[in-house]
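Undergrad: For reference, the sequence and a predicted model appear below.
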Amino acid sequence: MAVVTMEEYGALPAVRITAADGAQATVALFGAHLLSWKTADGKERMFVSAQTALDGSKPIRGGVPVIFPQFNLRGPGPKHGFARESTWRLTDSGGDGALSFLQFCLTRDDLAPAVAAWWPHAFELQLRVILSGDALEFDLKVRNTGTQDLPLAVALHSYYDVGQLAATSVSGLQHARYTDHHLNTLVQETPALHFTEKQDRLYQAPPSLTLNTADATLRLEQQGFSQWVVWNPGADDAHAMADLADDEYLRFICIEPARVDQQALAGGAEWRGRHRIAAN
Ligand code: TA6
């Protein structure tokens, strides 16, 4: 049986689920933001900055921010949308021997008045965070509960604790087309991407890739999304970020299943994206 407990993470209410095998996930209601994922061996897989705000005044730097309905500045709203700065509801939880889950929901009625004032669309977001052995899964559904088109972009902006950036690489992207942070469109020639400088790449997705660190291998799979964003800020951008210590960029990379450009979701329609991260 899974055990579900409420706790404080900084000043944020959070939910922890512990599976029968000891694997754990902790999720803040603020953003339905995964803060920690530990496999049954007790190893923390996610990175959260020591400098992050944990009081709801700003997005959390680390973990897995849910990006909706806008990616970065690709739209008229706030950077990376409002879902990561909204307070979600825990709507279900449970599990059997093989699988344990937390389920969160956000609708237009949950939005802060200042957001609801400019966002006219009725919607329902449902996020399931699932522990399944040495894997963590996300099942994200977006339903347009209104009658007009809803502009939809979405991502899971996952920050992985890689220990040592210099020993980290991402494989599975050879021959994939990508856009870099200078907006050049290129094809990756090398079998693996290493992190010797800032990287902010948008790949047209192969459905799976592999994150290799000094002491772990994670297999990442996506369904329903269409792209991967791979990001590490490098030294200069990290220095400019108030919620990241100067040397913390050496400890994480982000790999994000994404759909970065807003596309219309018709009234009554549902979009679903799934993401599986398997440790071995
Ligand atoms: O996903 C990569 C990215 O879009 C980068 O361009 C960088 O801005 C990052 O997200 C973090 O954004 P944030 O708003 O959390 O500072």
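TA: Sure thing, it's come through.

Undergrad: which parts of the protein sit against the ligand?
TA: Residues of the chain found near the ligand (C-beta under 6 Å from any ligand atom) are 59, 72, 79, 80, 157, 200, 229, 231, 254, 256. Glycine gets a C-beta too; all of them are placed from N, C-alpha and C.

Undergrad: any chance of those in a markdown table, plus neighbour count and pLDDT?
TA: As requested, these are exported to a markdown table (neighbours: other C-beta atoms under 10 Å; pLDDT from 0 to 100):
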| residue | neighbour count | pLDDT |
| --- | --- | --- |
| 59 | 23 | 98 |
| 72 | 17 | 98 |
| 79 | 13 | 98 |
| 80 | 23 | 98 |
| 157 | 23 | 98 |
| 200 | 17 | 98 |
| 229 | 25 | 98 |
| 231 | 20 | 98 |
| 254 | 21 | 98 |
| 256 | 24 | 98 |
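
Undergrad: helix, strand or coil for residue 257?
TA: The three-state label given to residue 257 by DSSP: H, G, I helix; E, B strand; the rest coil is strand.

Undergrad: how many neighbours does it have?
TA: The local packing count at residue 257 equals 28, with neighbours defined by other C-beta atoms under 10 Å.

Undergrad: Identify the bridge partners of it.
TA: residue 228 (DSSP bridges).

Undergrad: The longest helix along the chain: which residues count as buried?
TA: With DSSP state H setting the assignment, residue counts place helix 234-240 as the longest helix in the chain. By neighbour count, and taking 16 or more other C-beta atoms under 10 Å as the criterion, the buried residues in helix 234-240 are 234, 238.

Undergrad: Show residues contacting that helix.
TA: 197, 198, 199, 244, 245, 246, 247, 248, 249 (C-beta atoms under 8 Å, 6 or more residues apart in numbering).

Undergrad: Mind checking which of those are in helices?
TA: Among the contacts of helix 234-240, no member falls in helices (DSSP H).

Undergrad: Now, of those residues, which are buried?
TA: Buried subset of those (neighbour count, 16+ other C-beta under 10 Å): 198, 199, 244, 248, 249.

Undergrad: Export stretch 246-262 to CSV, keeping only CA atoms.
TA: C-alpha atoms of stretch 246-262 as CSV (Å, rounded to 0.1, in the frame of the first residue of the first chain):
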residue,chain,number,x,y,z
ASP,A,246,26.5,30.8,-9.1
ASP,A,247,27.9,27.2,-9.1
GLU,A,248,24.5,25.4,-9.2
TYR,A,249,24.4,25.2,-13.0
LEU,A,250,27.1,22.6,-12.6
ARG,A,251,24.6,20.3,-10.9
PHE,A,252,21.6,20.1,-13.2
ILE,A,253,20.3,20.0,-16.7
CYS,A,254,16.7,20.4,-17.8
ILE,A,255,15.2,18.0,-20.3
GLU,A,256,11.6,18.8,-21.1
PRO,A,257,9.0,17.1,-23.2
ALA,A,258,7.2,20.0,-24.8
ARG,A,259,4.9,21.5,-27.3
VAL,A,260,6.3,25.0,-27.4
ASP,A,261,4.1,26.8,-29.9
GLN,A,262,0.6,27.6,-28.9
